[in-house]
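S.K.: any chance you can model this:
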Amino acid sequence: MTTNWYVIQVPTKKERLVCERIKDILNRDIYIDCFVPLAERVYKKDGRVKIVTRPLFPGYLFIISDQIEQVYLQIKKVPYFTRVLHADFQFVPLKRKELEVFVDFLNHERVMEMSKGYIEGAQVFVTNGPLKGQEGRIKKVNRHKRIAIIETQFMGKTTTIHVPLEIVSKI
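M.R.: Prediction:
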């Protein structure tokens, strides 16, 4: 079973386009999947609520393969492809700890759905959604934008990501 997940850097707002181009040209026998992890975002305009999906990691897409060198040789000429993230001139897969964000938060379509919760005093309580039981990761909540800022490991560094969270009440 393939367990190596690699990160491909592309220009922001070109993630889905590049992923589709990669799928079009890549031989299916050298990779399992190419995808852009998405997160739900809620927008309110003219009194209407609209849910859209946006990349969870803007400027990055992911590929699962045990043959990354062959993948690279086939995709390096794809328009907007920037690079496969690497260290010391070697492609580096995500570590198990870094994969937790995908396993814990994304559904089978690789979308992070909206979590819901409430604030009591200074503490956030998540009642449903992928952040339930993960309250300790939340560093900040922006109620207006309906997001929580959490810390996670990504490419060997601690980084923050914006994830969907609707606070339905504050006590």
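
S.K.: okay, now the domains of the chain?
M.R.: Using automatic domain parsing, the domain parsing of the chain gives 1-93, 114-171.

S.K.: make JSON lines out of these and add distance to F102.
M.R.: Glycine gets a C-beta too; all of them are placed from N, C-alpha and C. Listed next are the domains of the chain as JSON lines, based on distance: least, Cβ to Cβ, whole Å:
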{"stretch": "domain 1-93", "distance to F102": "7"}
{"stretch": "domain 114-171", "distance to F102": "10"}
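
S.K.: so which of those comes closest to L106?
M.R.: Among those, the nearest to L106 by Cβ to Cβ is domain 1-93 (5.9 Å).

S.K.: quick one: the domains of the chain as CSV, columns for distance to E100, mean pLDDT and mean neighbour count too.
M.R.: Supplementary listing: the domains of the chain in CSV, determined by distance: least, Cβ to Cβ, whole Å; pLDDT from 0 to 100; neighbours: other Cβ atoms under 10 Å:
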stretch, distance to E100, mean pLDDT, mean neighbour count
domain 1-93, 12, 91, 15
domain 114-171, 8, 90, 15
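
S.K.: closest one to H108 among these?
M.R.: domain 1-93 (11.4 Å).

S.K.: hmm, who's touching the longest strand along the chain?
M.R.: Scanning the chain for the strand with the most residues, using DSSP state E, yields strand 157-170. By Cβ atoms under 8 Å, 6 or more residues apart in numbering, the surrounding residues in contact with strand 157-170 are 39-42, 56-57, 101, 105, 112-120, 124, 126, 129-131, 138-139, 141, 143, 145-154.
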